[in-house]
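> I'd like to go over a predicted model; first the sequence, then the structure.
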Amino acid sequence: MIPKVFREVIDLGDGREISIETGKLAKQAHGSVVVQSGKCMLLCTVVSNYKASDVDFLPLTVDYREKFAAAGRYPGGFFKREARPSDGEVLTMRLVDRVLRPLFPKDYHSETQVMIQLMSHDEDVMPDAMAGLAASAAIQLSDFPFECPISEVRVGRVNGEFIINPTLAQLQESDIDMIIGASADSVMMVEGEMDEISEEEMTEAIKFAHEAIKVQCDAQVRLAEAFGKKETREYEPEAEDEDLAKKVHDLTYNKVYEIAKAGSAKHERSAAFEAIKEEVIASFSEEEQEEFGGLISKYFYKAEKAAVRDLTLNDGLRLDGRKTNEIRPIWCEVDYLPSTHGSAIFTRGETQALATVTLGTSRDSNQIDMPSYEGEERFYLHYNFPPFSTGEAGPIRGTSRREVGHGNLAQRALKRMVPEDCPYTVRVVSEVLESNGSSSMATVCSGTMALMDAGVQLKKPVSGIAMGLITDTESGKYAVLSDILGDEDHLGDMDFKVTGTADGITACQMDIKVKGLSYEILVKALKQARDGRLHILEKLTDTIATPNSDVKPHAPKMVTRIIPNEYIGALIGPGGKVIQELQKETKTTIVINEDPVTEEGIVEILGTDQAGIDAVLAKIDSLMFKPEVGSVYEVKVIKMLDFGAVVEYTEAPGNEVLLHVSELAWERTENVSDVVNMGDVFDVKYFGIDSRTKKEKVSEKGTFTQTGRI
């Protein structure tokens, strides 16, 4: 039977469109759609168990995968099948998850799975920008308890004009690369990188994206209505007890308020809050504790949150005693690790990051092999967050999604400040040693200093800050918090991280938890963030004002030489013999690439010893040495033969030619040694290729007449 297909089309306004289709594929899923733009097709399916899991949170999994067949390619590796997700796929999963998760009811605990797959690839369409649309559209066709449709779009700006979902080619010319997630009413998520734009420009980009998102949300509503919107499923909500909530609030609120008002360190404050919690629980009988289960703890945390928020809104104070716009004490140090190519420590309050820099050749670049993108990164940053950084013990597994996301944010913050002509591949690694509030922004700061310490000539230093927001819709009060603590991240209404130079924003990551946030508040928050960034930037530049003029003595020096393609073979030698011996003799690393534009060879020479680098350069000069016909050159005898002497051009060591016995002198020469000996240095004249022997011809007697020197 031919399936009945339902379809909606979204006009992007410039000849491009996005279609959302359902009814043809994956009909046993609780909701499924195919989202298509050009030849790019995403299949999204959603399923949620009808029985709740025995947990107190939403077990939501968002999975995004790109199939290599979508681009007509084979997966790399031995097994030739897709394996663990790439960093690019993980980043897309995070973008979608951050917008979807807040729209499920807080007491909905059924295991829920959103799977998005790239089934067909188009080089002119970036699929990650449509993943949020696909996920939300599939949920709209399901019976999940979900608040409202959302979507995500990418915004670029080329020649001053904003573009929705730009192509990869357009994005390479754009000074903005932002993905915005929103419902029709509220912006919920922002993430991206920029070329030092202003706070007002960033806000305009968000507004532009939001208008496009409204259109995409409307299309989802129309599709669901045409398909036949299902009734929202019934589920067992969490038990509530208003009398118990009031009792716990009365026992908790004032005590928490006073401790929060005292302004103490993290562990001291946590211990005090825990003592209050134990006291509240102990005030109930064993029978009541058993009856109410986790409700007592739930209402305790609710009262604790209310007290801390009220302290900030009413008194302008925070958990550690700071004012709303105050930055925690900062200390920095560079060149801490003696063997690294660059290192720096950044400590802000109870957050600390130790960054290292390693310099390498193009061979050390980070290779990206995805169906939607192939390329390499010559600058990349890795972020590690061990459990001891929060004073806890935990399992040590592979790199988490959080570590991938935080590292990517810091990388985007810094990468546009690395000069285009930097000859090195640069790897930054951030080791988070303490964490209580935005270790990703500490990574940006320590990474900036470590790069400068390593001698990377950053265009400008970059700093970053994490901001928070507390609002009260009834009173209209709100407070923007600079340099938030970990606790303030959890209890606040907005968590946003902003990085930039003294001249503008380079990256941001924003999660908004409150509906209908006004752009007026957003701009105020961004401007307060700018003040904080500049304060932190001053601390960085007080520690290291400018990049070191050169790399460290033990760090490799990099020299690049361009050579015509015809000489590459001679430099490599048969089976790589020449280049391998040269690297061994000079203790250097030599990498040869081809410039795709000029088709010339690019030789990278990396070594710690300048003499070794000079020896490689001399070898290249020698290989490229081309004597001119009629010119005179100084040579040195390096080998004696019965019929002549092998001589080497002194200005091109290793470049040899045969000086025949007949060209030694005007008179007949019986023995070569009668005229020259090993090590003799003299001049010869170059005559080019001999027509008879088809070999190069040089002559000593050609430099003088029978009666004397010319």
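Thanks, I have the structure now.

> secondary structure element for the residue lying closest to Val698 once chain neighbours are set aside?
The shortest distance from Val698 to any residue that is not its chain neighbour, by C-beta to C-beta, 6 or more residues apart in numbering, is 4.2 Å, and that residue is Val684. C-beta: built from backbone N, CA, C; applies to glycine. According to DSSP states H and E, Val684 maps onto strand 681-689.

> now swap in Arg530 and tell me
Using DSSP H and E, Arg530 sits in helix 519-543.

> what comes up buried for the helix or strand following that helix?
Per DSSP H and E, the first helix or strand lying C-terminal to helix 519-543 is strand 557-563. By 16 or more other C-beta atoms under 10 Å, the buried positions in strand 557-563 come out as Lys557, Met558, Val559, Arg561, Ile563.

> which of those residues lies closest to Leu485?
Met558 (42.0 Å; C-beta to C-beta).

> next secondary structure element downstream of the strand holding Val684?
strand 696-699.

> quick one: low-confidence parts of this structure?
Within the chain, the segments meeting pLDDT under 70 span 705-710.

> and the longest strand for it?
Scanning the chain for the strand with the most residues, using DSSP state E, yields strand 40-52.

> can you show me the CA trace of whichever helix or strand comes after that strand as PDB?
Elements were assigned by DSSP H and E; along the chain past strand 40-52, the next helix or strand is strand 60-66. Coordinates of each C-alpha in strand 60-66 appear next as PDB, following Å, rounded to 0.1, in the frame of the first residue of the first chain:
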ATOM      1  CA  LEU A  60      16.900  11.900  27.600                       C
ATOM      2  CA  THR A  61      19.400  10.800  24.900                       C
ATOM      3  CA  VAL A  62      19.900  12.900  21.800                       C
ATOM      4  CA  ASP A  63      22.000  11.000  19.200                       C
ATOM      5  CA  TYR A  64      23.200  12.600  15.900                       C
ATOM      6  CA  ARG A  65      25.100  10.500  13.400                       C
ATOM      7  CA  GLU A  66      26.300  11.100   9.900                       C
END
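
> can you tell me what sits against the helix or strand that strand 60-66 is followed by?
Next in sequence after strand 60-66, counting helices and strands by DSSP H and E, comes helix 87-100. Defining contact as C-beta atoms under 8 Å, 6 or more residues apart in numbering, one finds that helix 87-100 is touched by 60, 62-66, 85, 114, 116, 128, 131-132, 135-136, 139, 150, 152, 179, 181-182, 188-189, 191, 368, 370, 372-373, 401, 404-405, 408, 511.

> filter those residues down to the buried ones.
Applying 16+ other C-beta under 10 Å to the contacts of helix 87-100, the neighbour count classes 60, 62-66, 85, 114, 116, 128, 131-132, 135-136, 139, 150, 152, 179, 181-182, 188-189, 191, 370, 372-373, 404-405, 408, 511 as buried.

> the most centrally placed residue in the chain - nearest residue in space that isn't next to it in sequence?
The centre of the chain sits closest to Asn408, judged by C-alpha atoms, centre = their mean, with a distance of 2.8 Å. Nearest in space to Asn408, with sequence neighbours left out and distances taken as C-beta to C-beta, 6+ apart, is Leu91 at 5.7 Å.

> what does Ala615 give?
Nearest to Ala615 is Thr586, by C-beta to C-beta, 6+ apart, at 4.7 Å.
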